[in-house]
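# Give me a model of this one.
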Amino acid sequence: MKGILIDVSKCIGCGACREACRVQNNLPESNDTDLSARTYTVVKTTGEVNYRRLCMHCLDPTCASVCPVGAFRKTAAGPVIYAAERCMGCRYCMVACPFGVPRYEWDKPLPLVRKCTMCSDRVLAGGVTACSEACPTAATLFGDRDTLIKEARARIAAEPGKYVDRIYGVEEAGGAAVLYISPVPFEKLGLPDSVGKEPLPLLTYAVARS
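Residues are numbered from 1 along each chain as shown. Sure thing, here's the model as predicted:
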């Protein structure tokens with residue numbers, strides 16, 4: 001399974017990832033400062049560090065578990081993809097996502113849900129994501145998820161005073177294909193601790209069985 005490692009300490013806030021994503025997905029130019037139907041990744045700052053936000057591509061995605069028509073699907077390669085032709089606009093995915101990622105095209109007469117696809121077409125063809133290819137500082141790395149976890153652990157071990165001793169996304173909400181290492185606490189990056197370690201769809205399944 002493929003994944004993305006974001007090393008917040010290396011992000012210079014240049015926005016190359018955002019522009020590469022825009023071009024790759026044929027998105028309009030936008031000044032949106034948060035994720036939107038027109039912006040699949042954003043670069044923000046805490047004042048101390050710059051960081052990206054995008055879909056986490058959960059290993060057991062809640063968006064897929066709650067979708068009544070199967071519009072969302074986790075692929076073996078890693079990306080969580082969206083089949084627009086299946087979507088009926090219920091927006092359960094938006095409510096269920098623990099990271100608040102999916103966005104809706106409120107301004108269109110036939111709206112769809114939009115989010116990062118982890119460049120699924122490129123990945124399935126053996127390529128890398130547009131954002132990782134564009135990053136000038138290797139703050140965004142693409143590769144095998146297990147290899148990225150080893151790389152993250154090696155970076156933390158090499159400079160223990162530089163990083164929080166944790167890789168966000170290894171276990172959170174059952175794990176994700178997008179991973180973070182950071183010199184500041186993850187909650188400062190808008191990444192919640194409240195998601196726990198269990199895949200959230202397990203809660204749905206437990207209720208359904210009761």
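
# can you give me the strands in this structure?
Using DSSP state E, the strands of the chain run over 2-7, 42-45, 50-53, 72-74, 80-82, 103-104, 113-114, 140-144, 178-181.

# and the nearest residue to residue 131 once chain neighbours are set aside, how many neighbours?
Residue nearest to residue 131 in three dimensions, not counting chain neighbours: residue 17, with 3.8 Å by CB to CB, 6 or more residues apart in numbering. (C-beta placed from N, C-alpha, C; glycine too.) When neighbours are counted by other CB atoms under 10 Å, residue 17 registers 25.

# With the one 4 residues further on instead?
Number of residues near residue 21 (other CB under 10 Å) recorded here: 24.

# I'd assumed residue 132 was in contact with it.
No: the criterion here is CB atoms under 8 Å, and residue 21 misses it with residue 132 at 10.5 Å.

# excluding its backbone neighbours, what's nearest residue 119?
Here the residue nearest residue 119, using CB to CB, 6+ apart, is residue 129, at 4.3 Å.

# which ones are touching the one you found?
Contacts for residue 129 (CB atoms under 8 Å, 6 or more residues apart in numbering) come out as 4, 118-119, 122-123, 140, 142.

# burial measure for residue 85, as a count.
If you count neighbours by other CB under 10 Å, residue 85 ends up with 8.

# Can you report how many residues neighbour residue 106?
8.

# Oh, that last question was meant for residue 104, not what I typed.
By the criterion of other CB under 10 Å, residue 104 has 16 neighbours.

# May I have the beta-bridge partners of it?
Beta bridges link residue 104 to residue 113, judged by DSSP bridges.

# about what we covered before: redo the strands of the chain as CSV? Include distance to residue 188 and mean pLDDT.
What follows is the strands of the chain, written out as CSV (distance: least, CB to CB, whole Å; pLDDT from 0 to 100):
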stretch, distance to residue 188, mean pLDDT
strand 2-7, 14, 98
strand 42-45, 10, 98
strand 50-53, 9, 98
strand 72-74, 28, 96
strand 80-82, 25, 97
strand 103-104, 22, 97
strand 113-114, 26, 97
strand 140-144, 19, 98
strand 178-181, 11, 98
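
# Kindly present those strands as TSV, with separate columns for distance to residue 194.
TSV is the format used below for the strands of the chain (distance: least, CB to CB, whole Å):
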stretch	distance to residue 194
strand 2-7	20
strand 42-45	20
strand 50-53	17
strand 72-74	22
strand 80-82	21
strand 103-104	21
strand 113-114	23
strand 140-144	25
strand 178-181	16
